[in-house]
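**Q** Pasted the sequence and its predicted model underneath.
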Amino acid sequence: MTISEEYIKYLRELDKKHYLHPTSSIRQQQENGPAFIFTDGEGVYLKDISGKTLIDGMSSLWNVNVGHGREELGQVALEQMKKLGYSSSFATFSHEPAILLAAKIAEMTPGDLNAIFYTSGGSESNDTAFKIVRHYWNLKGQPEKKKIISRKRGYHGVAMGATSATGIPVFHAMSGGLLPDFLHVDAFSTQSLRDMIEAEGADTIAAFIAEPIQGAGGVHIPQDPHYFQRVREICDEYNILFIADEVITGFGRTGKMFAMEHWGVVPDLMSIAKGITSGYAQLGGVVISEKIHSELINLSKDTFFHGFTYSGHPVACAVALRNIEIIESENLVENSRVMGQEMLKGFQWLQQEIDIVGEVRGLGLVGAIEIVKDKATGERFESPLSPKIVAEAANRGLICRCVTFEGSDTLVFAPPLVINKEEINKMIHILHETFVATQ
Ligand code: PLP
């Protein structure tokens with residue numbers, strides 16, 4: 001069906017008038033309207049209402065791991081909606097999809113992570129994790145242990161706790177500042193973590209939270225292969241709980257099912273979301289260790305007063321179960337590892353060919369390209385060039401994203417885990433053309 005220009009114009013006007021977009025410039029949105037109105041998706045491709053096709057080089061928001069247009073996920077959602085569209089999981093109520101998914105997640109997460117508290121997304125997962133650790137220390141008779149340490153440049157979401165743990169100042173300004181008892185250390189420096197613990201006193205600190213790979217902060221991968229082992233040791237030494245925020249990195253993104261597996265480290269709590277349903281339904285969760293779970297069982301006397309209406313939504317859980325089956329049966333974790341190497345090779349080729357391509361990074365299907373004015377010195381452009389590159393790349397059929405806060409001028413990528421070599425080559429080709437046209 002062809003859609004008339006008038007109808008597209010009409011939608012654009014409605015969008016400008018009535019739709020406040022998340023994480024966007026409200027004024028620019030008013031002036032320009034939406035650049036794309038997506039109507040369809042298939043594999044790694046998204047289609048715009050005007051008929052233009054683009055490679056979704058970001059898996060939309062790092063989440064569409066199994067790719068677009070999966071009919072079987074729609075089918076499972078329909079069947080679950082017809083059977084039981086919604087029922088509560090509060091108190092003594094339960095239902096089959098949430099139970100089966102909880103068992104599946106316990107089986108697939110590392111070490112003794114074995115019980116899940118469901119949420120609707122990553123921000124809720126992190127706020128929930130903070131409440132669980134504070135509740136845990138309360139029960140253990142140490143209510144003063146409530147500070148949360150996170151890292152500069154880390155991103156943990158937009159609920160008040162998650163924003164406060166986020167180490168990107170523009171998010172703090174937006175919320176009128178940080179909540180009390182949230183502290184930030186240098187990313188990837190165990191000395192900075194140790195110094196903070198010593199300065200504040202371990203008996204005031206509940207937990208340390210970190211993304212295995214910093215995603216929204218610009219795709220930063222630990223250089224030191226022992227970094228997370230040291231973090232684990234420090235947390236154990238000071239009796240501090242370790243929360244891994246695997247919201248982006250979980251479910252195969254980095255070439256392992258969970259990124260902490262790269263370093264053989266088991267956190268006490270793990271926040272998950274995004275790839276658990278590949279974005280086909282809203283779901284997240286906090287997975288807790290056997291140790292924490294049994295302490296909560298033994299010490300709890302009262303209700304745990306925390307729960308969302310949509311904690312463990314049956315449709316979302318049914319979709320998650322099927323989505324995980326797809327990830328496993330199609331070997332998408334291995335594909336992520338292998339195609340990730342291809343993507344990185346492509347970035348390295350661009351680095352040789354193009355003057356403004358500085359450092360490139362990648363692990364599995366998450367990667368970054370730094371834009372520089374001078375490759376030798378690493379000097380950056382006075383005003384970041386990456387927003388212009390992102391717009392140009394989109395015109396040429398590739399969606400990627402830029403990170404420009406605090407002097408960054410970085411392109412980030414996270415294509416669906418179903419991507420093949422030909423599609424990777426197409427991404428690299430579009431990027432090459434884009435750089436040649438922009439530099
Ligand atoms: N944690 C990380 C590492 C994320 O990247 C994100 C979102 O990008 C979140 C938490 C927040 O998740 P949500 O947007 O689902 O609330």
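**A** It's in. As the structure is a computational prediction, the values presented were derived from the model and not from experiment. Residues are numbered from 1 along each chain as shown.
**Q** Mind telling me which residue of this protein is nearest the ligand?
**A** G122 (2.2 Å; C-beta to the nearest ligand atom). For every residue, glycine as well, the C-beta is placed using N, CA and C.
**Q** Residue numbers of the stretch 151-300 of the chain in contact with the ligand?
**A** Contact residues, the stretch 151-300 of the chain versus the ligand (C-beta under 6 Å from any ligand atom): Y155, H156, G157, E211, G215, A216, D245, V247, I248, A273.
**Q** Report how many residues lie close to the closest residue in space to L283 that isn't next to it in sequence.
**A** Take L283 and drop its neighbours on the chain: the residue closest to it by C-beta to C-beta, 6 or more residues apart in numbering is A316, 3.9 Å away. When neighbours are counted by other C-beta atoms under 10 Å, A316 registers 26.
**Q** next helix or strand past the helix or strand containing A316?
**A** A316 is part of helix 314-329, with elements assigned from DSSP states H and E. On the C-terminal side of helix 314-329, the nearest following helix or strand under DSSP H and E is helix 332-353.
**Q** Show me what the helix or strand following that next one packs onto, helices and strands only.
**A** Per DSSP H and E, helix 332-353 leads on to strand 357-362 as the next helix or strand towards the C-terminus. Counting contacts by 3 or more C-beta pairs under 8 Å, 6 or more residues apart in numbering; DSSP states H and E, strand 357-362 packs against helix 332-353, strand 367-371.
**Q** Just the buried positions in the strand or helix carrying I297, please.
**A** In this structure, I297 sits in helix 290-299 according to DSSP H and E. Using 16 or more other C-beta atoms under 10 Å as the test for burial, helix 290-299 gives I292, H293, L296.
**Q** Thought I116 was touching the second one, still the case?
**A** No - counting by C-beta atoms under 8 Å, I116 is not a contact partner of H293; they are 10.0 Å apart.
**Q** Now for R12, how many residues are close by?
**A** 15.
**Q** mind checking which helix or strand the residue positioned nearest the centre of the chain is in?
**A** Residue closest to the average C-alpha location in the chain (C-alpha atoms, centre = their mean): I248, at 2.6 Å. For I248, there is no helix or strand it lies in under DSSP H and E.
**Q** Quick check, it in contact with G215.
**A** Yes - if you go by C-beta under 8 Å, I248 and G215 touch, sitting 4.1 Å apart.
**Q** Show me whatever sits in contact with both of these two.
**A** W62, V366, A414 (C-beta atoms under 8 Å, 6 or more residues apart in numbering).
**Q** For these, which entry has the maximal number of neighbours?
**A** Counting by other C-beta under 10 Å, top hit in these: A414 with 32 neighbours.
**Q** is it true that the residue of the chain closest to the ligand touches A273?
**A** Yes - if you go by C-beta under 8 Å, G122 and A273 touch, sitting 3.8 Å apart.
**Q** which residues are common contacts for the two?
**A** V247, G284.
**Q** What's the local residue count around N331?
**A** 13.
**Q** Confirm that T39 lies within a strand, as I assumed.
**A** Yes - under DSSP: H, G, I helix; E, B strand; the rest coil, T39 sits within a strand.
**Q** How much space separates it from F258?
**A** The gap separating T39 from F258 is 33 Å, by C-beta to C-beta, to the nearest Å.
**Q** higher neighbour count, these two?
**A** Between T39 and F258, counted using other C-beta under 10 Å, the more crowded position is F258 (25 against 12).
**Q** who touches that one in this structure?
**A** T109, P110, P212, A244, E246, T249, G250, F251, M270.
**Q** What sits closest to the second one if chain neighbours are left out?
**A** Take P110 and drop its neighbours on the chain: the residue closest to it by C-beta to C-beta, 6+ apart is V266, 5.0 Å away.
**Q** For the one you found, give me phi and psi.
**A** Here is the backbone geometry of V266 (degrees, to the nearest 10): phi -110, psi 120.
**Q** OK, contacts around the closest residue to R151 other than its chain neighbours?
**A** Once flanking residues are discounted, R151 sits nearest to A187: 4.4 Å by C-beta to C-beta, 6+ apart. By C-beta under 8 Å, 6+ apart, A187 lies in contact with R151, K152, R153, G154, G167, Q214, G217, H220.
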